[in-house]
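Undergrad: what's the 3D shape of this:
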Amino acid sequence: MIQDISPSKLRNEYIACCPIAGDKIFKFNKDGKVLLGENEGRIVFTDISDIKDAKTVYLFSVDEDRFFLSLNDSDYSKEGFEYYTIREVRDKYSEVSLKEIYAVFTAYHLWKWYSDNKYCGKCKGELRLGEKERSLICPDCNNVIYPRINPAVIVGVTKGDSILITKYRRGYGHSALVAGFTEIGETLEETVKREVKEETGVEVTNIRYYKSQPWGMAQDMLVGFYCDAVGDGAIHMDEGELKYAEWVKREDIELQPNNLSLTNEMMKVFKDGK
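TA: Residues are numbered from 1 along each chain as shown. Got it, this is the predicted structure:
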């Protein structure tokens, strides 16, 4: 999965510091596209010699590489570099630059948060960077804002030797599992039951946790569960949400084109009989 970069390690503790020679600088434009180059098929990042903005913020480190974010979203060009959407980065480099893709996704998560929070939601004051932790602080009313993380479930619904495979009506076009966001006042297990019922009409039981995954593309924390269908598992699909929902035998499961997602791993685990 995207976070499986061992022996490399992400260090996400906040440090109040300025970039120095050799540090990487993420440059996103107003549309959320990231400026990247390429060397022998691998991602190359801009650095302090390219991006000389006065305002940057430390994001995280991967091994010895420190990454910062330029808080200036004006256009910048560099020969051999292009702006890519997050999906384009995933699709183009998934086989060769896993560590770099993980860095891009995590940087996008934080860019989105900084970009969406320029002013205080309580008093409209202009927010400032927190100095002691990853936060934004309103100097007028002392409101403190922390990064947003959206909890969501990925659900492998099984019935004997089959699993419930879906395809979304919009967006991602490959095979997937039932998925959805947790609502206010709801446990993750209750989310599993509700989402499966809403999207496919199937009742489930024996809900069991599998694994979790950070997914910066949507600022999610994805939590994977397997569960069993109740009764015959008759499908009554929500056609506004899905364009496909069917019980698929292990040997007939069509996996996604890369190994980055929790969804794909869960489908593969079932396909392999594990």
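Undergrad: helix/strand/coil for the spatially closest residue to I5 that is not a sequence neighbour?
TA: When the adjacent residues along the chain are set aside, I5 lies closest to K99, with 4.6 Å between them (CB to CB, 6 or more residues apart in numbering). To be clear about C-beta, it is placed using only N, CA and C from the backbone, and glycine gets the same treatment. Three-state assignment for K99 (DSSP: H, G, I helix; E, B strand; the rest coil): helix.
Undergrad: which ones are touching K99?
TA: If you count contacts by CB atoms under 8 Å, 6 or more residues apart in numbering, K99 has them with 5, 8, 62.
Undergrad: Tell me what the last one is bridged to.
TA: V62 has these beta-bridge partners by DSSP bridges: L10, D65.
Undergrad: Could you break the protein into its assigned domains?
TA: Each structural domain of the chain that the record assigns through automatic domain parsing is listed here as a residue range: 10-116, 117-147, 150-271.
Undergrad: so which of those gets nearest M1?
TA: Distances from M1 to each of the domains of the chain were compared using CB to CB; the shortest belongs to domain 150-271, at 5.5 Å.
Undergrad: Averaged pLDDT, the closest one. What do you get?
TA: Predicted confidence along domain 150-271 averages 93 (mean pLDDT).
Undergrad: Report the distance from it to the chain centre.
TA: In terms of CA atoms, centre = their mean, to the nearest Å, the centre of domain 150-271 is set 16 Å apart from its chain centre.
Undergrad: Excluding residues flanking it in the chain, which one is nearest Y14?
TA: Using CB to CB, 6+ apart, the closest residue to Y14 is R134 (4.1 Å).
Undergrad: Quick check, pLDDT for that neighbour.
TA: 97.
Undergrad: SS state for it?
TA: Going by three-state DSSP, the secondary structure assigned to R134 is coil.
Undergrad: and it, how many residues sit next to it?
TA: Per other CB atoms under 10 Å, the neighbour tally for R134 reads 18.
Undergrad: okay but V62 is in contact with L10, surely?
TA: Yes: taking CB atoms under 8 Å as the definition, V62 is a contact partner of L10 at 5.6 Å.
Undergrad: between these two, who's got more neighbours?
TA: More crowded of V62 and L10, by other CB under 10 Å: V62, with 20 against 16.
Undergrad: Let me see the contact set for that one.
TA: 5, 8-11, 99, 102-103.
Undergrad: picking that back up, name the nearest of the contacts of K99 relative to E251.
TA: Taking CB to CB as the measure, I5 is the one of the contacts of K99 closest to E251, at 31.1 Å.
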